[in-house]
Each structure stands twice: as C-alpha cells, then as structure tokens.
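**Student:** please find the sequence and the predicted model below.
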Amino acid sequence: MDPLLQDRIVDAALALAEESSWEQVRLHEVARRLGIGLSDVRSCFREKEDIVDAWFDRADHAMLVAAAAPEVADLPSRDRLQESLLAWLGALAAHRRATREMILGKLEFGHVHFQWAGLMRISRTVQWWREAAGRRAPFPWRAFEETALTSIYLATFICWMSDHSEQSRRTRELLFRLLSAAEPCARWVPGVGTDRLRSAASGGRHESEVQKHTH
C-alpha cells in the first residue's frame, strides 16, 4: 500500500464530501478527481468505510504526537488526557460536518457490520487515549477506568460534532468538567498515587487554561 496515495485518496474523498455530503461520495468520483483508476483506489481501500477508518487513524496519530510533546508529556495524567483528546478532535476539525456524517452513516438501520466496526473503533481510540496519558491501572480497575473514559470520550465527541462556539469552547468546558468529576474516583485506583501528587502540584494550571479559552 502506498501511504502517499492513501492520504491523497482520503483528502479527495473529504473534499468531495465538503462539496456535497459524505453519503454522496462515490469511489469512482474519488478516482476521477485524482486522475487514477478504481483499481488504484482498491489497492488502498477495500471499501468506502475503510476511508473513514483512515481518517480516524489520522486523528489517533495526531493524539499520540501531541501526547509525546515535552510540554504535554510532563503534565499530570488527567491533563494529558485533556490535551491529547483535544488534539484528537483538532485533527478532525477541518472536516467537522463530514466527520459527523460519517458517524451518522454508521448508525443507519441495517448496517450492523458498520456499527460493530464503529464500536471496535471507539475501543481502539480509547485504548490509545489511555496509553497517551500514561494510565497504569491494573485489572480489574482498568476495566472500570476504560468504561469511564469511554463515556467521557463519547460525551465529548458528541458535543464537539455540533459545537460551533469559538475554539470549541463548549467542548473544552465539558471535557474539563467530566475529567474533574472523574478524578475523585481515580484516586482510589492503584498505580495513580504518584500522578495524583503531580496533579496537585500543578496548581490548577489547566483550569486557568480552560478559563482563558472561554473568555
């Protein structure tokens, strides 16, 4: 598979979606837009839904890159959760409407295979989100943490898809509130004690950042 061609196909599909809608995008139109054959498209993507996966793979990659940056990597875990998920959303922001339409397409009645793939996609992204934040909870605490983070991820993503506020202010505020609400429970999870001390030592720096974005 040619990574450069794969990226060009994703970009062309998104450009076509911006001109009409994601539902109306057809692979033969993508091929025509790029001046390539359908066989070239098929060499990268078996079906249109694979382009959706590639689009979200980009967001996952952006999240991991952001989390590895020194200014984020040295933050307490909760703040890394916040910054990495905001980076994930930021990677999708240029095509927010098309992204929303991709998700709605997966929810259409009768597309059980799409819905199952969507659930697996959510699980995969949440796993990378946990890794990006350096979460270390052992089983069975990890299962509870994954459930909580999945709920936070979904609530934040749903809010973001219809958030037209400046710099996605509503989404930022919601994510901050949800992570703050979950923190008292996290203190009982083995393996996060040291990180909790780091969080206390940060002196509410990220709360100030959120407030700055909301005024």
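**Tutor:** Thanks, I have the structure now.
**Student:** state the helix or strand in which the residue positioned nearest the centre of the chain lies.
**Tutor:** The geometric centre of the chain, computed from its C-alpha atoms, lies nearest to Trp88 (Cα atoms, centre = their mean), at 4.2 Å. Element membership for Trp88 (DSSP states H and E) is helix 77-92.
**Student:** and the closest residue to the residue nearest to the centre of the chain other than its chain neighbours, which helix or strand is it part of?
**Tutor:** In space, and not counting its chain neighbours, Trp88 is closest to Met63: 4.0 Å by Cβ to Cβ, 6 or more residues apart in numbering. Heads up, the C-betas are built off the backbone N, CA and C, glycines and all. Met63 belongs to helix 48-68 when elements are defined using DSSP H and E.
**Student:** dump the following helix or strand past that helix to CSV, restricted to CA.
**Tutor:** Sequence order places helix 70-73 as the next helix or strand after helix 48-68, per DSSP H and E. Below are the C-alpha coordinates for helix 70-73, written out as CSV (Å, rounded to 0.1, in the frame of the first residue of the first chain):
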residue,chain,number,x,y,z
PRO,A,70,7.5,17.7,26.1
GLU,A,71,5.0,20.3,27.2
VAL,A,72,2.3,17.6,27.4
ALA,A,73,4.3,14.5,28.4
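**Student:** roughly how far is helix 70-73 from the heart of the chain?
**Tutor:** Taking Cα atoms, centre = their mean, to the nearest Å, one finds helix 70-73 lying 19 Å from the centre of the chain it belongs to.
**Student:** then stretch 94-107?
**Tutor:** The answer for stretch 94-107 is 13 Å, by Cα atoms, centre = their mean.
**Student:** which residues touch Phe114?
**Tutor:** Contacts for Phe114 were tallied using Cβ atoms under 8 Å, 6 or more residues apart in numbering; they are 49, 105-106, 108.
**Student:** hang on, the earlier thing: quick one: the helix holding Trp88 to helix 48-68, angle?
**Tutor:** Orientation of helix 77-92 against helix 48-68 (axes from the mean of the first three to the mean of the last three Cα atoms, to 10 degrees) gives an angle of 140 degrees.
**Student:** and the nearest residue to Asp53 once chain neighbours are set aside, how many neighbours?
**Tutor:** Among residues not flanking Asp53 along the chain, Arg121 sits closest, at 6.8 Å (Cβ to Cβ, 6+ apart). If you count neighbours by other Cβ atoms under 10 Å, Arg121 ends up with 17.
**Student:** number of residues surrounding the nearest residue to Ala62 once chain neighbours are set aside?
**Tutor:** Distances taken as Cβ to Cβ, 6+ apart put Ala91 closest to Ala62, at 3.6 Å, once the chain neighbours are dropped. For Ala91, the neighbour count with other Cβ under 10 Å is 19.
**Student:** pLDDT at Ala91, what is it?
**Tutor:** For Ala91, the pLDDT comes out at 98.
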